[in-house]
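Participant: I would like the atomic coordinates for the input below:
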Amino acid sequence: MADLFVIVAAVLSIVGGVSDTGWLTDLSLVLWGIGILLLIRRAVLRRRYGTPERLKASAEAGDMRALRGLAMIAKIQDDFAEAERLLRTGVDAGDVESMWEMGRLVEHRDGIQASEPWFRMAAEHGHFFAKRFFRPGHALNMDGNNPL
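Facilitator: Numbers count the residues shown, from 1 in each chain. The predicted structure is shown next:
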């Protein structure tokens, strides 16, 4: 994501400079700032976890972000049982992002209707994107009869 911001900022800088369009140059400065901040964030996260062993140690120490990271690695490797086990640990600890990711895992595996309880749990705990599923006319509230 950071790379995309930097590339778009570079293109807008060039186009804005060549065409002498002030608003494009201003927009490019904003995108440069966002891109650089995202690059810094990525570097900090890499330093924090660095190796799979450090990621696993952080997860075992109770770091929910590390736990979700391990779950996402398991999901990518098609080890859905391990991903579910890790996410359930996060859900049991009250981690809202784990609730959301559990919903995404179940949706991927079993479909949107099967994931409804997990998305509802995340929405009830304030997860922004999960709440959107329950708006009238959206994925889990198509007819408007399934509000939060």
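
Participant: got a list of contacts for the strand or helix carrying residue 65?
Facilitator: In this structure, residue 65 sits in helix 64-76 according to DSSP states H and E. Outside helix 64-76, the residues that touch it by Cβ atoms under 8 Å, 6 or more residues apart in numbering are 49, 52, 55-56, 58-59, 80, 82-83, 86-87, 89-90, 93, 95, 97-98, 101, 105, 108. The way it works is simple: take the backbone N, C-alpha and C, and place the C-beta from them, glycine included.

Participant: got the buried residues for it?
Facilitator: 64, 66, 67, 68, 69, 70, 71, 72, 73, 74, 75 (16 or more other Cβ atoms under 10 Å).

Participant: quick one on the thing from earlier: quick one: which of the contacts of helix 64-76 sit in helices?
Facilitator: 49, 52, 55-56, 58-59, 80, 82-83, 86-87, 89-90, 97-98, 101, 105, 108 (DSSP state H).

Participant: what's the spacing between residue 68 and residue 99?
Facilitator: 11 Å (Cβ to Cβ, to the nearest Å).

Participant: Likewise for residue 90?
Facilitator: 8 Å.

Participant: swap in residue 134?
Facilitator: For residue 134, the distance to residue 99 - Cβ to Cβ - is 14 Å.

Participant: When the two are compared, which one has more neighbours?
Facilitator: Higher neighbour count among residue 134 and residue 99: residue 99, with 24 against 18, using other Cβ atoms under 10 Å.

Participant: For the residue nearest to that one when sequence neighbours are not counted, pull up the helix or strand it's in.
Facilitator: Distances taken as Cβ to Cβ, 6 or more residues apart in numbering place residue 122 nearest to residue 99, at 3.8 Å, with adjacent residues excluded. Using DSSP H and E, the element containing residue 122 is helix 112-124.
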